[in-house]
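[1] quick one, fold the following:
(one chain, ligands or ions: 3)
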Amino acid sequence: MPHAHDNSIIIAGEALPIIDMPIHARWRDAADRRGFDITARVADRYALALTCRLCGELSRTRLFVLMNHQPRCSYCIEAARRQEAENAGIAFLRRDSDSTVYAWYRLPCGHEARRQIGLITRVAAGETGLRCATCHEAVEAAEAQAVGWELVGPDPGGDTNYREYRHVSCGHRQRIARGNVKTQRFDCGGCGVTWVSAPSFIYLFRVLLPNGMRVLKLGFSKNPRSRLQHQLLGDRDLACHVLRVVAMPSGHDAIRTEKKLHASLRRRFPEAVIDAKDFAGALTVVTEVYAEWLEAEIQQLLDGIEDDSDDEGG
Ligand SMILES: [Zn+2]
Ligand SMILES: [Zn+2]
Ligand SMILES: [Zn+2]
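    Ligands and ions are numbered 1, 2, ... in the order given. Sure, this is the predicted structure:
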């Protein structure tokens, strides 16, 4: 009884008066069964200071709770929360003052976030992931900035796939699907700039398929890297390499040029056209994939296209 000489006992930073009344044997039996020792009667006739046998810390419990339920040691609970957070790859900071269902955590990016404790349990079990809203918004803002728009906020219509954006060059605001912002496939309702008339690119990628085959993908895009990442790759782990990107004055030019290229390649090198069954599941396209040995030929054709557009420009 470390506190027997005092007339008070400190529990969770609070000094509680010790009540000098008997501690009955059946109370001690109940505490014993629940994994606690009764250290003192405190506060009023119906409260006890219990010492947790697991962690040795004191907690205050109503006599009624001890006799009828399993008292919970807040230190052990918090230790479990810390361990669970660690298993989820984050750090437990503190309990939430408004809700027992929530707690505050430090995410790997350094941001603090309030999350449901049950969610962290599922993250620790590998059932779901955890996303930082602050960082995620920064990513979306950067995506918009990269294509000349500004992220204003959530969709006024409430669709979670959409956001509200502002066209920096004309000031017009409109709602656009986030996926279309990433790939620039949208038109401005203010100044009339369309994704078809905006500059475009012919690209050539080399892709290593899961079956070990190396192939070439020739196509057009407003944003070749985005095309590579968001549309082309069914399997994100494919080894991919951007071999060449040729700027075209508009999407129309890019589409027309690309179609001519494919027609010419198919006619002259039919044996270089890769059968769709060879890349099914690996690439999200069904045509326009060529054998790697055709690279020099394609590069030469792209040289010609580049020269042509230089001539037109100068
Ligand atoms: Zn404990
Ligand atoms: Zn963050
Ligand atoms: Zn505009």
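[2] and residue 152, its phi and psi?
    As for residue 152, its main-chain torsions (degrees, to the nearest 10) stand at phi -90, psi -50.
[3] helix or strand for the residue lying closest to it once chain neighbours are set aside, which one?
    Using Cβ to Cβ, 6 or more residues apart in numbering and skipping the chain neighbours, the partner closest in space to residue 152 is residue 164 (4.2 Å). C-beta here means a position set from N, CA and C on the backbone, and glycine is covered the same way. Under the criterion of DSSP states H and E, residue 164 resides in strand 162-167.
[4] pLDDT below threshold where in the stretch 101-250 of the chain?
    Applying pLDDT under 70 to the stretch 101-250 of the chain flags the ranges 195-198, 223-239.
[5] got the residues of the chain near ligand 2?
    Contacts of the chain with ligand 2, taken as Cβ under 5 Å from the ion, map to 109, 111, 132, 134, 135.
[6] list buried residues within those.
    residue 132 (16 or more other Cβ atoms under 10 Å).
[7] which of the residues of the chain next to ligand 2 lies closest to ligand 1?
    When the residues of the chain next to ligand 2 are ranked by distance to ligand 1 (Cβ to the ion), residue 111 comes first, at 30.3 Å.
[8] how about residue 200, what does it touch?
    220, 221, 222, 247, 248, 250, 251, 253, 254, 255 (Cβ atoms under 8 Å, 6 or more residues apart in numbering).
[9] just put the residues you listed in TSV and tack on distance to ligand 3 and neighbour count.
    Shown next, in TSV, are the contacts of residue 200 (distance: Cβ to the ion, whole Å; neighbours: other Cβ atoms under 10 Å):
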residue	distance to ligand 3	neighbour count
220	23	21
221	21	22
222	15	19
247	21	13
248	21	21
250	16	15
251	16	21
253	21	20
254	21	24
255	22	16
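[10] C-terminal to the host helix or strand of residue 247, what's the next element?
    Assigned by DSSP H and E, residue 247 falls within strand 239-248. Remark: after strand 239-248, the chain's next helix or strand is helix 251-268, criterion DSSP H and E.
[11] if anything else comes up later, I'll come back, but that's it for now.
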